[in-house]
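# got a predicted structure here, sequence first:
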Amino acid sequence: MAVPPLPPPLAQLGRTPFSFYPAILHLPHNEWIYQGATWSDVLVRNSKTNEEISVPRRYVGEISSVEAPVLIVGLLAELEYRSGAIYPVERKVIEMPLAVNDAPRPRWGNSPAAAQVVGIRLESNSKSRVGRLVLGGVALGVAGCVLAVSLFRGGVIASRVFYAPVFRADLPLTPQDDRDAVVRTLGAPARERWRPDSGDAEYELLAYPRRGVYVILMGRSRGEARYIGAMDWNWHPVQAVAGGYPVLQRLPRF
């Protein structure tokens with residue numbers, strides 16, 4: 001008797017609509033409803049066009065626990081819809097055109113004329129020995145400096161050990177907080193930016209230089225945007241709501 005395939009995590013959503021992140025390319029509407037699954041694929045239906053597509057199971061990632069403003073299902077690779085099926089996006093390398101009056105460079109081994117052979121005079125044994133002694137002395141000096149610095153910074157000579165702390169933001173914000181709630185908690189931001197996305201999700205950025213963080217909100221529109229996490233000044237996630245970390249990792253800087 002054939003054993004039915006195990007239901008994927010998407011099955012727990014039932015008929016609840018969700019959006020893929022990143023959105024599948026060449027599909028204008030990014031809202032889907034789970035239909036079923038096989039051993040290798042997950043069948044979903046577009047809520048607007050009623051078109052059904054099969055997404056390979058190996059590309060389906062985590063499900064966001066935040067349902068407002070939109071439920072997010074993460075994809076482990078950037079996908080595109082092509083010829084009625086789903087494929088990974090292939091980035092093509094574009095060859096740069098030649099400059100004016102330029103010519104292709106000959107590759108190694110294809111030169112029209114062989115390089116001229118130049119005779120090399122070997123140094124005498126005494127000079128070679130002196131050179132090796134000088135290089136050996138320089139190498140020992142460098143090794144001694146490195147060892148001294150290592151002992152000092154490691155605590156053998158120094159009175160304390162130096163650690164490089166990893167910054168983590170401790171912001172009293174929740175997935176239900178909109179822009180007004182963030183401003184009430186953290187104060188007015190130094191600047192704001194709004195980034196519409198290709199799918200249904202859009203993003204708002206609130207900059208707080210004194211705290212060293214960018215607060216990120218996400219929603220279908222500016223009025224529905226809610227807090228999903230924060231980035232440091234180097235655009236690395238330092239805080240995220242449940243299910244928001246993979247979204248912040250893939251979010252381009254804006």
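Now that the structure is in, tell me what you want to look at.
# going forward, measure contacts between C-alpha atoms and count neighbours the same way
Will do.
# show me where the stretch 151-254 of the chain has strands.
Ranges of strands in the stretch 151-254 of the chain, per DSSP state E, counting those that start in this stretch, are 191-196, 202-208, 213-219, 226-232, 237-240.
# residue 42 and residue 20, how far apart?
13 Å (Cα to Cα, to the nearest Å).
# quick one on the thing from earlier: with distance to residue 139 and mean neighbour count added, can I get the strands of the stretch 151-254 of the chain in a markdown table?
Converted to a markdown table, these look like this (distance: least, Cα to Cα, whole Å; neighbours: other Cα atoms under 10 Å):
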| stretch | distance to residue 139 | mean neighbour count |
| --- | --- | --- |
| strand 191-196 | 53 | 13 |
| strand 202-208 | 48 | 21 |
| strand 213-219 | 45 | 24 |
| strand 226-232 | 41 | 25 |
| strand 237-240 | 42 | 22 |
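# could I get these as JSON lines with mean pLDDT?
Listed next are the strands of the stretch 151-254 of the chain as JSON lines, based on pLDDT from 0 to 100:
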{"stretch": "strand 191-196", "mean pLDDT": "90"}
{"stretch": "strand 202-208", "mean pLDDT": "94"}
{"stretch": "strand 213-219", "mean pLDDT": "94"}
{"stretch": "strand 226-232", "mean pLDDT": "95"}
{"stretch": "strand 237-240", "mean pLDDT": "93"}
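# same list, those, but as JSON lines with distance to residue 37 please.
Formatted as JSON lines, the strands of the stretch 151-254 of the chain follow (distance: least, Cα to Cα, whole Å):
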{"stretch": "strand 191-196", "distance to residue 37": "32"}
{"stretch": "strand 202-208", "distance to residue 37": "29"}
{"stretch": "strand 213-219", "distance to residue 37": "28"}
{"stretch": "strand 226-232", "distance to residue 37": "30"}
{"stretch": "strand 237-240", "distance to residue 37": "30"}
